[in-house]
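Novice: just coords:
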């Protein structure tokens with residue numbers, strides 16, 4: 001019998017395809033369970049078997065024609081809880097389904113971690129919770145900075161709360177709770193700690209776009225922090241993962257380093273998005289996707305660093321509404337010394353607005369050097385050339 005890895009839905013690009021390819025490299029055939037198979041062109045291109053079923057329901061997945069998988073997982077934020085429940089029912093390796101569900105809902109997560117936060121279910125409750133400005137409003141479930149906004153006034157809080165509470169289903173058609181999180185704004189640079197079990201794989205410096213949004217526009221590995229600050233971030237991340245009952249596989253823990261010390265932003269029970277796994281692999285040689293696939297298949301993940309390099313990634317975003325016209329921008333960006341990869345992620349003719357969340361990123365540049373400054377400079381130079389692909393609306397060449 002063919003040994004298989006069941007993927008419960010997937011990212012439509014990037015790591016979704018990488019999960020499937022990694023399964024094959026380990027001698028397992030990937031099987032993709034999907035409610036809408038057309039979302040995944042890579043499945044047909046790579047010959048991945050797709051099983052259509054209701055992937056919002058663990059029982060429906062188990063009743064589908066999935067065979068007897070050796071492992072179950074998902075690269076999609078939205079379906080990690082279902083994958084965890086399916087794995088548990090089959091007696092396969094995986095995270096605690098209850099811990100994953102608590103972590104996935106940010107209101108539950110904040111309660112477990114006793115983080116400063118008010119959960120509002122109405123506009124009036126959200127406004128009343130905003131005692132000292134600025135505050136940050138975010139949906140109880142979500143990813144990629146979707147719906148996250150810094151608010152400076154009660155009027156802004158009311159408008160954003162109404163917008164968030166009007167959303168009943170996410171982009172995958174799954175119901176979302178009618179909850180808005182109101183949190184005090186934390187100043188200071190943002191980092192993430194990439195854990196695998198109790199192993200610290202990397203500490204990542206994050207770069208954010210302009211307020212009032214929180215779009216991640218770049219990352220650096222290593223973070224190049226003073227040792228005391230790095231230790232404080234790692235200790236905060238480990239304590240949060242332990243408190244939430246996690247510890248299986250990858251965890252992506254986001255933290256702000258405020259003037260008064262680390263402030264936990266959130267814990268994600270999965271490998272990071274935003275190309276961070278590729279950045280970590282370029283800098284350290286550790287493949288987080290390979291490690292996660294190995295873990296759910298009951299194999300020992302390889303977390304040994306095989307190189308000590310510095311890697312920086314910068315995303316292409318628009319400062320004004322623009323139209324993507326690729327030309328030779330990616331080729332010119334790739335020619336910058338130190339740039340390992342430059343790519344556009346949108347088709348020609350796509351209208352690109354100033355970034356409000358991850359969906360507004362139009363491409364990226366990844367650079368590698370033996371020094372942090374060299375990697376950052378190469379990524380910035382490559383991004384300058386890639387920007388030529390964004391033409392102000394009405395000014396197509």
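Specialist: Yep, it's here. Computed from a predicted model, the values in this text were never measured in an experiment.
Novice: need the contact list for the closest residue in space to residue 352 that isn't next to it in sequence.
Specialist: In space, and not counting its chain neighbours, residue 352 is closest to residue 318: 4.5 Å by C-beta to C-beta, 6 or more residues apart in numbering. For the C-beta atoms, the positions are set from N, CA and C on the backbone; glycine is no exception. Contact analysis of residue 318 by C-beta atoms under 8 Å, 6 or more residues apart in numbering lists 352-355, 360, 362, 390.
Novice: Which ChimeraX command selects the buried ones in the residues you listed?
Specialist: To isolate the buried ones among those in ChimeraX, judged by 16 or more other C-beta atoms under 10 Å, type:
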select :352,355,360,362,390
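Novice: my guess is residue 186 meets residue 262, correct?
Specialist: No. Applying C-beta atoms under 8 Å as the test, residue 186 and residue 262 come out as separate, 9.5 Å apart.
Novice: Comparing the two, which residue is more hemmed in?
Specialist: Using other C-beta atoms under 10 Å as the criterion, residue 186 and residue 262 rank with residue 262 on top: 22 against 18.
Novice: what bridges to that one?
Specialist: Beta-bridge pairing for residue 262 (DSSP bridges): residue 257.
Novice: And it, how far from residue 117?
Specialist: Using C-beta to C-beta, to the nearest Å, one gets 16 Å for the distance from residue 262 to residue 117.
Novice: Cross-check the contact I'm expecting between residue 30 and residue 23.
Specialist: Yes. Contact criterion C-beta under 8 Å: residue 30 and residue 23 qualify, at 4.4 Å.
Novice: Mind listing the shared neighbours of those two?
Specialist: With C-beta under 8 Å, 6+ apart, residue 30 and residue 23 have common neighbours 4-5.
Novice: What residues are bridge-paired with residue 220?
Specialist: Applying DSSP bridges to residue 220 gives these bridge partners: residue 205, residue 312.
Novice: And for it, the neighbour number?
Specialist: Residue 220 - counted by other C-beta under 10 Å - has 24 other residues nearby.
Novice: tell me which element residue 218 is part of?
Specialist: Using DSSP states H and E, the element containing residue 218 is strand 216-221.
Novice: ok, and what's touching the next helix or strand after that strand?
Specialist: Toward the C-terminus, strand 216-221 is succeeded by helix 227-243 as the next helix or strand (DSSP H and E). Residues outside helix 227-243 that contact it (C-beta under 8 Å, 6+ apart): 112-113, 191, 193, 195, 198, 200, 203, 223, 225, 247, 251, 253, 255, 257, 261-262, 264, 267.
Novice: What helices and strands are in contact with the strand holding residue 218?
Specialist: When contacts are defined as 3 or more C-beta pairs under 8 Å, 6 or more residues apart in numbering; DSSP states H and E, strand 216-221 packs onto strand 199-208, helix 276-284, strand 310-316, helix 372-386.
Novice: can you tell me the average pLDDT over that strand?
Specialist: The average pLDDT within strand 216-221 is 97.
Novice: Same question for stretch 295-313.
Specialist: Across stretch 295-313, pLDDT averages out at 97.
Novice: so who does residue 275 touch?
Specialist: Residues in contact with residue 275, defined by C-beta under 8 Å, 6+ apart, are 14, 219, 313, 364, 366.
Novice: Out of those, which is nearest to residue 297?
Specialist: Using C-beta to C-beta, residue 14 is the member of the contacts of residue 275 that lies nearest residue 297, at 20.6 Å.
Novice: Low-confidence ranges, the stretch 251-397 of the chain, go.
Specialist: 395-397 (pLDDT under 70).
Novice: What ranges does it have for its helices?
Specialist: For the stretch 251-397 of the chain, the helices defined by DSSP state H, counting those that start in this stretch cover 276-284, 288-296, 329-334, 372-386.
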